[in-house]
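Peer 1: sequence first, then the predicted structure:
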Amino acid sequence: MKLTSVELHPAKSNEYALLSFRDPTRENPFNVKEIVGLDADEIVPRYYGTSGANKFYSLSLLKRDIVLKINLSPRFGQSETYSDLRDYLYKMIASSRTGKIQLQFKNDTEVVAAINGFVSKFETAHFDQDQEVQLTVNCDEPMLKALAPTVVSLVGLDPAATTIQDVKSNAPHGFQFDIKTTANMASIKIIDPRDPTAWSFELRPVGGFLTNDVLHFSSEYNNKFLYYTRGATTVYLADVIQLGSIWPYLFPGNNTFAFTNPASLTWQKISYYPTYWGV
């Protein structure tokens with residue numbers, strides 16, 4: 001992940017502090033000396049299902065603490081002081097009702113990824129000649145994620161064998177899709193066409209699916225859902241997931257899966273957020 005700067009954003013605010021990596025003339029008031037906690041410090045395997053002889057584990061991180069050491073560089077010609085810069089940062093971390101801040105990791109003007117958390121420590125050495133502050137940010141959701149979803153082009157995609165290529169992420173993650181039925185069917189089942197017995201995900205609602213039902217699916221972290229819409233009616237489906245089903249996820253690179261009744265299905269939407277273990 002190539003980065004040139006980090007920005008600190010309070011939740012629901014247009015204000016931000018630019019924490020620059022490239023400022024040899026020290027024109028920026030906030031310059032990053034060090035950031036600790038941006039690596040994959042402890043990857044934890046969590047068991048989530050078995051299919052035949054295969055056991056499946058999701059690899060995840062524990063809560064992440066990010067420590068930023070920021071050098072203060074007041075613009076003395078504009079009567080700016082070290083105290084002014086500290087006060088600006090104090091206001092940044094307490095300027096919303098949620099109390100959250102967002103760290104945005106940028107490559108020039110592009111926001112590559114972001115992470116949200118709460119500032120738990122604000123430490124400073126008031127009497128040092130070259131002053132700096134140290135912020136500790138507690139992040140309950142530890143993965144770095146893009147701010148905007150990547151929308152997969154549906155041109156040429158066949159439910160009989162759909163390949164989604166994720167060239168940005170370096171960590172596995174969930175995704176969303178909508179798919180529409182073009183005929184009545186008793187169930188919808190997803191498999192890996194390269195190894196149909198490796199895993200499956202099957203839904204079998206009472207009365208089955210009818211023509212023009214739209215299945216809405218998400219396996220995203222903290223945003224998992226499963227339901228279909230039939231006109232103005234919404235029916236939730238968590239209770240009709242068949243025993244032994246494995247939720248589909250995306251992994252870095254190519255991901256191929258298929259529906260067992262592809263001729264009666266039409267893609268409506270596929271999207272995902274590029275996700276990263278760390279920097």
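Peer 2: That came through fine.
Peer 1: how close does Lys121 get to Leu68?
Peer 2: 10 Å (C-beta to C-beta, to the nearest Å). From N, CA and C alone the C-beta is placed, and that goes for glycine too.
Peer 1: joint contacts of these two?
Peer 2: Gln134, Leu135 (C-beta atoms under 8 Å, 6 or more residues apart in numbering).
Peer 1: okay, those two: which has more neighbours?
Peer 2: Counted by other C-beta atoms under 10 Å, Lys121 and Leu68 do not tie: Leu68 has more neighbours, with 23 against 12.
Peer 1: quickly find the element holding the more buried one.
Peer 2: strand 64-72 (DSSP states H and E).
Peer 1: same deal with Asp87?
Peer 2: Applying DSSP H and E, one finds Asp87 within helix 82-92.
Peer 1: chain center to stretch 200-213, what's the gap?
Peer 2: 29 Å (C-alpha atoms, centre = their mean, to the nearest Å).
Peer 1: which helices and strands sit right next to the strand holding Leu68?
Peer 2: For strand 64-72, the packing partners by 3 or more C-beta pairs under 8 Å, 6 or more residues apart in numbering; DSSP states H and E come out as strand 30-36, helix 82-92, strand 110-124, strand 132-139.
Peer 1: please repeat the previous calculation with a cut-off of 7 Å.
Peer 2: strand 30-36, strand 132-139 (3 or more C-beta pairs under 7 Å, 6 or more residues apart in numbering; DSSP states H and E).
Peer 1: who are the contact partners of His216?
Peer 2: Asp178, Phe225, Tyr227, Tyr228, Thr229 (C-beta atoms under 7 Å, 6 or more residues apart in numbering).
Peer 1: can you select the buried ones from the residues you listed in ChimeraX?
Peer 2: The ChimeraX command for the buried members of the contacts of His216 (criterion: 16 or more other C-beta atoms under 10 Å) is given here:
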select :178,228
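Peer 1: hmm, Phe225 is touching Ser218, no?
Peer 2: Yes - when contacts are counted by C-beta atoms under 7 Å, Phe225 is listed as touching Ser218 (4.8 Å).
Peer 1: mind putting the contacts of His216 in CSV, distance to Ser96, secondary structure and pLDDT included?
Peer 2: Shown next, in CSV, are these (distance: C-beta to C-beta, whole Å; DSSP: H, G, I helix; E, B strand; the rest coil; pLDDT from 0 to 100):
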residue, distance to Ser96, secondary structure, pLDDT
Asp178, 32, strand, 98
Phe225, 27, strand, 97
Tyr227, 32, strand, 98
Tyr228, 36, strand, 98
Thr229, 34, strand, 98
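Peer 1: any chance of the contacts of His216 in TSV, with distance to Leu154 too?
Peer 2: Output for the contacts of His216, formatted as TSV (distance: C-beta to C-beta, whole Å):
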residue	distance to Leu154
Asp178	10
Phe225	21
Tyr227	21
Tyr228	19
Thr229	19
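Peer 1: for Ser20, state which of the contacts of His216 is nearest.
Peer 2: Phe225 (39.4 Å; C-beta to C-beta).
Peer 1: need the winner for burial among the helices and strands packed on strand 64-72.
Peer 2: strand 132-139 (a mean of 19; mean count of other C-beta atoms under 10 Å).
Peer 1: partners of that strand, with directions?
Peer 2: strand 64-72 (antiparallel), strand 110-124 (antiparallel) (DSSP bridges).
Peer 1: could you tell me the angle between the shortest one and strand 30-36?
Peer 2: Orientation check (axes from the mean of the first three to the mean of the last three C-alpha atoms, to 10 degrees): strand 64-72 against strand 30-36 gives 150 degrees.
Peer 1: got a list of contacts for strand 64-72?
Peer 2: Under C-beta under 7 Å, 6+ apart, the answer for strand 64-72 is 19, 29-38, 82, 85, 103, 117, 131-139, 142.
Peer 1: for that strand, the distance to its chain's centre please.
Peer 2: Remark: strand 64-72 is offset 21 Å from the chain centroid, using C-alpha atoms, centre = their mean.
Peer 1: could I have the CA atoms of stretch 34-43 written out in PDB?
Peer 2: These are the backbone C-alpha positions of stretch 34-43, laid out as PDB (Å, rounded to 0.1, in the frame of the first residue of the first chain):
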ATOM      1  CA  GLU A  34       6.100   7.600  13.700                       C
ATOM      2  CA  ILE A  35       2.900   5.500  13.500                       C
ATOM      3  CA  VAL A  36       2.800   2.200  15.500                       C
ATOM      4  CA  GLY A  37       0.100  -0.400  15.100                       C
ATOM      5  CA  LEU A  38      -0.500  -0.500  11.400                       C
ATOM      6  CA  ASP A  39       0.800  -4.000  10.900                       C
ATOM      7  CA  ALA A  40      -1.000  -7.300  11.400                       C
ATOM      8  CA  ASP A  41       0.200  -7.800  14.900                       C
ATOM      9  CA  GLU A  42      -1.900 -10.900  15.800                       C
ATOM     10  CA  ILE A  43      -3.900 -12.800  13.300                       C
END
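Peer 1: good, wrapping up.
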